[in-house]
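Novice: Here is a sequence together with a model predicted from it:
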Amino acid sequence: MNEFVNLSKNLMRDKWKLINWVTIFELIAFVAIYLLRLVTGGWNGEIMPTYFVGVFAFETGIVSFVGFIMLSRSNEHVFTSNNYRLIPISDTKLYFSNILTTFLAYVYLQILGVVIGNIIEFMTAGGVGQMPKLSGEDLMTMGQFILLTIIGMILIWTGITLVHFLINWIGGFLAFGRQKLVKFILYVVVTFVGLVIFNYTTGSVFKFVYENMTPEGINNLNQFNNVIWISIGVSAIWLVIFTVLNIYFLKRWIETIR
């Protein structure tokens, strides 16, 4: 347990720095836009117009996407890094520690965005807007969406890892498997085949649900919540399958390259 905690701390430190740098560049871009607009005299002497709340919200969306991609890249590098693979800890613990810290780092990025966004809104509008009152069903639906989003993000990361591992595994059996062109073709083929299988299987499940559980369509919030629960269940099953395959490949086939 101590090994897992210590490894997670080291991984989180690296990803924490990555997110901090992403946030710093976001703030630099925000300040640059503000100064450019101020210099051109577009705000008639106003220090910080409400317009910039929208600008920051737009930037936050871009940064969330960029942060997700960079964390995905960092997540993959851990599995082929001498610094981590040579640590006396099981590959299973390394895998789960890496996924956990990647998720926590992304949550940290979202928290930073919310905090900074509220500060900007407070400076421009003189206060932070009040949260709307939600009913019990609304809170249930929101909780389901949050859970589905969490599982979905982790599913994407595990899917990226599985494609990466499959490419390395297949490339090991090919004479020119390490060449960049061959690897690119393999990435395209494996990703396409994987998406076809994933979409067909998942689509078949939802087609069955729609035809047998909601033949007249979704007419109320309760039916909608049931569909969300099914989505969570399907995503969780895929997540388990991807995780088992990834751990198998990590133990048997994946070697360090850096």
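Specialist: Arrived safely. Numbering: from 1, shown residues only.

Novice: Return the set of buried residues in the helix or strand bottoming out on mean pLDDT in the chain.
Specialist: Among the helices and strands of the chain, helix 82-85 carries the lowest confidence by mean pLDDT, DSSP states H and E, at a mean of 82. Buried residues in helix 82-85, counting neighbours by 16 or more other C-beta atoms under 10 Å, are found at 84, 85. The way it works is simple: take the backbone N, C-alpha and C, and place the C-beta from them, glycine included.

Novice: who touches it?
Specialist: For helix 82-85, contacts defined as C-beta atoms under 8 Å, 6 or more residues apart in numbering pick out 7, 11, 78, 79, 94, 98, 256, 258.

Novice: mind listing what the third one touches?
Specialist: By C-beta under 8 Å, 6+ apart, the residues touching residue 78 are 11, 84, 94, 98.

Novice: Can you flag which of the residues you listed belong to helices?
Specialist: Among these, the members found in helices (DSSP state H) are 11, 84, 94, 98.

Novice: any chance of the contacts of residue 78 in CSV, plus distance to residue 160?
Specialist: Shown next, in CSV, are the contacts of residue 78 (distance: C-beta to C-beta, whole Å):
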residue, distance to residue 160
11, 17
84, 18
94, 17
98, 12
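
Novice: Which single one of these is nearest to residue 116?
Specialist: Nearest to residue 116 among the contacts of residue 78: residue 11, at 24.6 Å, using C-beta to C-beta.

Novice: before we move on, the earlier item: nearest to residue 173 among the contacts of residue 78?
Specialist: For the contacts of residue 78, the nearest to residue 173 is residue 94 (25.0 Å; C-beta to C-beta).

Novice: And the helices in the stretch 101-250 of the chain, which stretches?
Specialist: 136-171, 180-212, 221-252 (DSSP state H, counting those that start in this stretch).

Novice: Tabulate those in a markdown table, adding columns for mean pLDDT and distance to residue 121.
Specialist: Listed next are those as a markdown table, based on pLDDT from 0 to 100; distance: least, C-beta to C-beta, whole Å:
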| stretch | mean pLDDT | distance to residue 121 |
| --- | --- | --- |
| helix 136-171 | 87 | 21 |
| helix 180-212 | 84 | 38 |
| helix 221-252 | 87 | 30 |
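
Novice: Distance to residue 52 added to those, as JSON lines?
Specialist: Shown next, in JSON lines, are those (distance: least, C-beta to C-beta, whole Å):
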{"stretch": "helix 136-171", "distance to residue 52": "27"}
{"stretch": "helix 180-212", "distance to residue 52": "39"}
{"stretch": "helix 221-252", "distance to residue 52": "35"}
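
Novice: quick one, which of those helices is nearest to residue 66?
Specialist: helix 136-171 (14.6 Å).

Novice: All set, thanks.
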